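> Sequence first, then the predicted structure, then my questions.
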Amino acid sequence: MRLGVNIDHIATLREARKTVEPDPVKGALIAIQAGADQITLHLREDRRHIQDEDLLRLKCELKDSTIPINLEMAPTQEMKQIALETLPNTCTLVPEKRQEITTEGGLDVVSLKDYLKDYIKELKQAGIHVSLFIDPDLDQIDAALEVGCDAIEIHTGEYANACGKSVEKELERIKKAAKYAKEKGLKVYAGHGLNYDNVKEIAKIKEIEELNIGHSIIANAVFLGLYEAVRRMKEIIKKSREEF
């Protein structure tokens, strides 16, 4: 199972003071040294953390690397143009609201089908792998198939925030969605709100081949250092994967 390390919150800390440190690109390189299989970053419309220059610098640093870049972005015309100019390995289309603290829920592909078909087609024609960040909902998966994406990333936020019996309920939703999407020929990824504890059950889902994790890794890096925070997450995922 691949681990994509999201470097957004390194940039969040930098932007709190509008200075040059900590540098998210330096963080990406440390994460790779620690075992990250992919670097994920979300270029938001309001540029609250990651900046355009971060993406350009990361592309330059990894130009001779086999480590892919996963650009999370809202499906806007501005972001599509940036993606077509910078050519990340993957574009993950996500919903975006100006006032939200973090991404709230998955993209409503059902209501955006007509728009997304042409949008995704342009990205794929440029050689970009396209993933859709969606809730574990079968109707959304069917819509994802219709618009021609390569993969889905299952939003694990409800599972991560669940308590008591709701945890198992949300886990079953994710398992069902992952199995359904895989059977339909989609690649299946997952992410949002995952930490050292709750990632274990998600890592056991055989249909999921990639996890994208940011906040928990960066939070733990405050105490452990970034290298160890990434290494520890990678090790937990590996051990959990071996159990199924």
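Now that the structure is in, tell me what you want to look at.

> Return the residues in contact with the residue sitting nearest the centre point of the chain.
Centroid-nearest residue in the chain, with CA atoms, centre = their mean: Asn212, separated by 4.3 Å. For Asn212, the contact set (CB atoms under 8 Å, 6 or more residues apart in numbering) comprises Gly4, Val5, Asn6, Gln38, Thr40, Asn70, Thr92, Glu153, Tyr189, Ala190, Gly191. (C-beta placed from N, C-alpha, C; glycine too.)

> who wins for neighbours among the residues you listed?
With neighbours taken as other CB atoms under 10 Å, the top of the contacts of Asn212 is Val5, carrying 31 neighbours.

> That one belongs to a helix?
No - checked against DSSP: H, G, I helix; E, B strand; the rest coil, Val5 lies outside a helix; its state is strand.

> related to what we said a few turns ago, nearest to Leu224 among the contacts of Asn212?
Val5 (13.9 Å; CB to CB).

> So for that closest one, what's the pLDDT?
Here the pLDDT value assigned to Val5 is 98.

> do the same with Tyr115
For Tyr115, pLDDT reads 97.

> And the helix or strand that Ala229 is a member of, what does it pack against?
Per DSSP states H and E: Ala229 is located in helix 226-243. Secondary-structure packing of helix 226-243 (3 or more CB pairs under 8 Å, 6 or more residues apart in numbering; DSSP states H and E): strand 2-6, helix 24-33, helix 199-203, helix 215-224.

> looking at those, which is closest to Ala162?
Proximity to Ala162, assessed across the helices and strands packed on helix 226-243 by CB to CB, is greatest for helix 199-203 (11.4 Å).
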